[in-house]
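[1] Provide a 3D model corresponding to the input given below.
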Amino acid sequence: MKECAFVFLKDWFHQYVQGFYSADEQLQFHVRLKEEHTLRVLENAARIGEWLECTPEQLDLIKIAALFHDLGRFKQYQTYRTFNDALSINHAQLGVEIIQQSNILKSSGLSGTQQEIVERAVLYHNRRNLPSEEIEKYSMPAKIIRDADKLDIFAMLVTKDDKNKIPQATEFENVLLYSEKVIEDILQGRLVEYPDIKTENDLLLFRLSWLYDLYFPYSFSVVLKQGYLEKLIAMLPDTQEVYSVYQCLREYTNLNVMGNNMND
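    From the prediction side, this is the model:
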């Protein structure tokens, strides 16, 4: 891999995204939203990689994977006007197809194995679970991207900056209710199933259940430090069931951050 590969690929990424800039305000808002999200995921991934004491080569591949993790989002929104994969296309698979068709990783000097590491991290970043048989060479970068992505989504859910806030979902009922199945899954330590989401509160609970899918103590430390759990819970109805969810997830977060000496 060339020393300047990441810089070359970052320049290519920005040029690629600029091809989607538009006078259409709705399209431009969503393109910029994902472009800025990508840069923050890149920062998160680099911090996790440094915390894990990855080698310089590993860090470069992690940063490249983070840069490209949502590459399919831009074409997805331009074509379908939604980021909902269930209503459009798997944006991770689309991203890998764009990477392969462009041949940009090979052009940057990445070896075949290095290209595979990046492509698998992109492909796996939005899956419910990583393939259980995947070897660490491929699974570790994917885990880092998955954590880095979730941390920024949490931030985008609680921010008061409308330019970087995840827009309200329109495909779910806007009611002050939630599904018992969703509550039960979280209290049983399970990720919420996407098909079980019926309301906007279910969607928020679904995202809260991602805490069960974080891999690294560093990530749990960020959740605690930024108060993401408390801020997200505050957006839900003030009920005993929601409080039980909070207690369950808070205990899980505290347990998983143990032993982590995260520097400020």
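
[2] The stretch 151-264 of the chain: strands as residue ranges?
    Counting by DSSP state E, counting those that start in this stretch, the stretch 151-264 of the chain has no strands to list.

[3] Quick check: which ranges of it have low pLDDT?
    Where the stretch 151-264 of the chain drops to pLDDT under 70, the residues are 170-174, 176, 258-264.

[4] With residue 187 as the reference, measure out to residue 106.
    Separation of residue 106 from residue 187 (Cβ to Cβ, to the nearest Å) stands at 48 Å. C-beta: built from backbone N, CA, C; applies to glycine.

[5] ok but residue 36 is inside a strand, no?
    No. Residue 36 is assigned helix when assessed by DSSP: H, G, I helix; E, B strand; the rest coil, not a strand.

[6] And for it, nearest residue in space, chain neighbours not counted?
    Using Cβ to Cβ, 6 or more residues apart in numbering and skipping the chain neighbours, the partner closest in space to residue 36 is residue 164 (6.1 Å).

[7] Does that neighbour touch residue 33 like I think?
    Yes. Using Cβ atoms under 8 Å, residue 164 is in contact with residue 33, at 6.9 Å.

[8] ok, the residue nearest to residue 36 - how many residues close by?
    Neighbours of residue 164 under the rule other Cβ atoms under 10 Å: 15.

[9] try residue 42
    By other Cβ under 10 Å, neighbour count at residue 42 equals 24.

[10] SS state for it?
    helix.

[11] let's number from 463 now, not from 1
    Understood, numbering begins at 463; the last thing we discussed is residue 504.

[12] Identify the spatial nearest neighbour of it, chain neighbours not counted.
    Sequence neighbours aside, residue 528 is the residue nearest to residue 504 in space, at 4.3 Å (criterion: Cβ to Cβ, 6+ apart).

[13] I'd assumed that neighbour was in a helix, is it?
    Yes. Using three-state DSSP, the secondary structure at residue 528 is a helix.
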